[in-house]
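> need a 3D model of the sequence below.
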Amino acid sequence: MDRNVEGRVVAQLPGALYEVEVAGRHRITVHIGGGTGRNFVRVLVSDRVTVELAANDATRGRIVRKG
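Purely as a prediction, here's the structure:
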């Protein structure tokens, strides 16, 4: 089962979290994936992103790709 979905950032939340709208109606809370060795990527409201959903909670995930 593919756990990656595409969506659009609709809100920036406190604590480096974002709210992403997927499938036009579902909203999930996500954080930016990557470790300390990754380059800094700025995510803004209305950006298109690819989100990897959490295995145990479909309302949480992490951003794996921007654009």
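> tell me where the model's unsure across the protein.
By pLDDT under 70, the low-scoring segments of the chain are 1-2, 35-39.
> so where do the helices sit in it?
Shown for the chain, no helices are assigned by DSSP state H.
> who does the residue nearest to V5 when sequence neighbours are not counted bridge with?
Once flanking residues are discounted, V5 sits nearest to V22: 4.9 Å by CB to CB, 6 or more residues apart in numbering. The way it works is simple: take the backbone N, C-alpha and C, and place the C-beta from them, glycine included. Beta-bridge pairing for V22 (DSSP bridges): G7, H26.
> next, count neighbours for V22.
Other residues near V22 come to 18 when the count uses other CB atoms under 10 Å.
> please apply the same query to V45.
Applying other CB under 10 Å, we find 11 other residues in the vicinity of V45.
> going forward can the numbers begin at 48, since that is how I track them
All set: I'll call the first residue 48, so the last point we hit is now V92.
> tell me who's in contact with the nearest residue to it once chain neighbours are set aside.
Using CB to CB, 6+ apart and skipping residues adjacent in sequence, the residue nearest V92 is V56, 5.4 Å away. Remark: with contacts taken as CB atoms under 8 Å, 6 or more residues apart in numbering, V56 is in contact with 65-67, 90-94, 96.
> repeat that with 6 Å
With contacts defined as CB atoms under 6 Å, 6 or more residues apart in numbering, V56 is in contact with 65, 67, 90, 92, 94.
> before we move on, what about Y65?
For Y65, the set of contacting residues under the criterion of CB under 6 Å, 6+ apart consists of 56, 59, 77.
> one more time with 7 Å, if that's ok
Applying CB atoms under 7 Å, 6 or more residues apart in numbering, we find Y65 in contact with 56, 58-59, 77, 90.
> in a markdown table: the residues you listed, plus distance to R107.
As requested, these are exported to a markdown table (distance: CB to CB, whole Å):
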| residue | distance to R107 |
| --- | --- |
| V56 | 15 |
| A58 | 15 |
| Q59 | 16 |
| V77 | 7 |
| V90 | 16 |
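> okay, strands next: where are they in the protein?
Shown for the chain, the strands assigned by DSSP state E span residues 51-60, 64-69, 73-79, 95-100, 107-113.
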